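Undergrad: curious how this folds, go ahead:
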Amino acid sequence: MLKIISVVAVLVATFASCTNQKNKNITLNAKDIKAFCIDFNWGEGGPNAFAKPGLWADANPEQHVQWYKDLGVNVIQTFAVSCNGYAWYKNGIIPEQPGLKHDFLPEVVRLGHQEGMKVMAYFCVASNTRWGLKHPDESYGVPADGHIPLTLDYLDFLGKSIQDALVKTGIDGFMIDWLFHGPIHPGKRLLWLPCEQIMWKELMQTEFPGKENVSQEQEDEFARRSVARCWEHIRHSAKSVNPDCKIWLSCYDLKHSQMVGSKIFKEIDWLMNEAGDIATVKEVQSIIGDNTQLITCLANWNNADPKEVVPAAQEIGVGLYGFTKPTENSLLPSMDKYLAKPIDDFEGDEKNIATLVRAFKGVSLEYIEKK
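TA: From the prediction side, this is the model:
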């Protein structure tokens with residue numbers, strides 16, 4: 001594990017003393033969480049489906065915080081490092097997005113805290129285009145998929161990246177996404193790169209038996225152990241510099257073979273079912289930790305009906321979250337658009353936002369704003 005030198009602790013304490021007091025003592029229970037993300041991960045120009053480095057680098061922190069305020073959130077989820085591998089803050093150990101106009105993340109934190117909001121950043125565990133290009137021997141290439149074996153080398157990089165963001169930006173915590181070893185999409189087997197064969201010895205305590213001799217059951221067990229080790233490293237890295245930070249796991253399949261029986265569910269601060277269905281959320285309620293807060297997700301990919309999900313989540317005390325990529329410059333349309341018409345007049349992510357703004361503002365889902 002990383003050794004945390006005393007100067008880091010001093011920096012954290014100094015930054016914490018400057019944190020806006022309006023936000024400092026806010027504790028959110030699951031039922032209170034109202035979160036959204038304008039998602040910088042996706043867009044044109046990258047070598048895969050991810051946004052090219054520098055896309056939306058002119059994003060204005062004031063405009064973004066105002067948009068989130070108008071939506072009614074109390075949690076802004078934005079980015080420390082997006083999937084293209086570049087950071088959304090300046091002077092960090094990860095190169096900033098090319099052309100980054102503002103010191104975006106620290107400014108969003110400062111402005112969000114003034115509004116009483118928590119600000120959570122983002123790290124994608126299994127995918128980082130810049131890492132893959134710089135370390136081809138520790139990557140499956142750079143597809144828009146899980147491509148990074150969770151080697152000790154990569155865990156060191158990831159842990160230091162997380163610590164850097166916590167110390168330098170003032171975030172209240174961060175989301176980890178794609179916490180899997182290997183491709184996140186079902187049906188794809190591991191490639192057993194040389195670095196993974198070394199990992200086999202570390203995790204399975206035996207010599208690697210050869211690709212042709214690894215059963216699916218053994219592969220699943222290897223991946224589970226890899227993910228468990230990764231989680232321990234993330235948790236230690238983060239809590240060592242800020243014990244109060246919240247770690248938020250977004251998982252597209254809470255029943256995934258790499259998650260079955262995982263102690264992550266008991267140790268994570270916030271756990272989100274990205275698939276959006278309430279039935280799965282109910283199923284995991286009995287296996288989470290005493291302090292774990294459950295969240296469900298509205299997103300175009302999961303086809304969840306927001307008019308069903310939102311009331312159901314509110315009834316059982318589960319937090320709400322939505323995300324979509326920008327459509328207008330680095331932003332999304334104003335709330336006037338989403339409140340001017342009935343929810344059913346919208347489709348996809350626009351329908352999700354139209355539902356969330358009503359839920360976040362505490363008005364009826366049938367509410368229409370009159371001009």
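Undergrad: residue 57 reaches residue 98, doesn't it?
TA: Yes. Applying C-beta atoms under 8 Å, one finds residue 57 in contact with residue 98, separated by 6.5 Å. From N, CA and C alone the C-beta is placed, and that goes for glycine too.
Undergrad: the two: which is more packed in?
TA: residue 57 (18 against 12; other C-beta atoms under 10 Å).
Undergrad: residue contacts, the more buried one?
TA: 97-101 (C-beta atoms under 8 Å, 6 or more residues apart in numbering).
Undergrad: isn't residue 123 right up against residue 158?
TA: Yes. Here residue 123 reaches residue 158: they are 6.9 Å apart, a contact under C-beta under 8 Å.
Undergrad: now residue 290: how far from residue 266?
TA: According to C-beta to C-beta, to the nearest Å, residue 290 stands 8 Å off from residue 266.
Undergrad: which of the two has more neighbours?
TA: residue 266 (13 against 5).
Undergrad: check contacts around that one.
TA: Each residue near residue 266 by C-beta under 8 Å, 6+ apart is listed here: 287-289, 292.
Undergrad: Three-state assignment for it, please.
TA: helix (DSSP: H, G, I helix; E, B strand; the rest coil).
Undergrad: ok, it to residue 28 distance?
TA: For residue 266 relative to residue 28 (C-beta to C-beta), the value is 19 Å.
Undergrad: do residue 367 as well
TA: 24 Å.
Undergrad: more neighbours: the two, which one.
TA: residue 28 (17 against 14).
Undergrad: now do the helices in this protein.
TA: 6-17, 21-24, 61-71, 104-114, 129-134, 152-169, 194-204, 216-241, 264-267, 278-284, 306-316, 335-339, 348-361 (DSSP state H).
Undergrad: residue ranges with poor pLDDT in the chain?
TA: 1-26 (pLDDT under 70).
Undergrad: look up how far residue 219 lies from the residue positioned nearest the centre of the chain.
TA: Nearest to the geometric centre of the chain sits residue 175, at 3.1 Å (C-alpha atoms, centre = their mean). To residue 219, residue 175 is 27 Å away according to C-beta to C-beta.
Undergrad: surely residue 69 is in contact with residue 111?
TA: No. The criterion here is C-beta under 8 Å, and residue 69 misses it with residue 111 at 9.2 Å.
Undergrad: comparing the two, which residue is more hemmed in?
TA: Per other C-beta under 10 Å, whichever of residue 69 and residue 111 has more neighbours is residue 111, with 20 against 17.
Undergrad: ok, the more buried one touching residue 62?
TA: Yes. Under the criterion of C-beta under 8 Å, residue 111 is in contact with residue 62, at a separation of 6.4 Å.
Undergrad: check contacts around residue 321.
TA: 33, 35-37, 75, 77, 272, 295-298.
Undergrad: what is the nearest of those residues to residue 232?
TA: residue 272 (20.2 Å; C-beta to C-beta).
Undergrad: neighbours of that closest one, how many?
TA: Neighbour tally, residue 272, other C-beta under 10 Å: 27.
Undergrad: not counting sequence-adjacent ones, nearest residue to it?
TA: residue 295 (4.1 Å; C-beta to C-beta, 6 or more residues apart in numbering).
Undergrad: so that neighbour makes contact with residue 270?
TA: Yes. Between residue 295 and residue 270 there is a contact under C-beta under 8 Å: 5.9 Å.
Undergrad: what do these two both touch?
TA: In contact with both residue 295 and residue 270: 33, 248, 319, using C-beta under 8 Å, 6+ apart.
Undergrad: who wins on neighbours among those?
TA: residue 248 (27 neighbours).
Undergrad: wait, what's in contact with residue 152?
TA: residue 202.
Undergrad: any idea how far residue 201 is from it?
TA: 12 Å.
Undergrad: and residue 259, backbone torsions?
TA: phi -110, psi -20 (degrees, to the nearest 10).
Undergrad: OK, contacts around it?
TA: 227, 251, 253, 265.
Undergrad: please apply the same query to residue 37.
TA: 76-78, 122, 321-323.
Undergrad: give me that answer again for 7 Å
TA: With contact set as C-beta atoms under 7 Å, 6 or more residues apart in numbering, residue 37 has these partners: 77-78, 323.
Undergrad: ditto for residue 244
TA: Here residue 244 is in contact with no residue (C-beta under 7 Å, 6+ apart).
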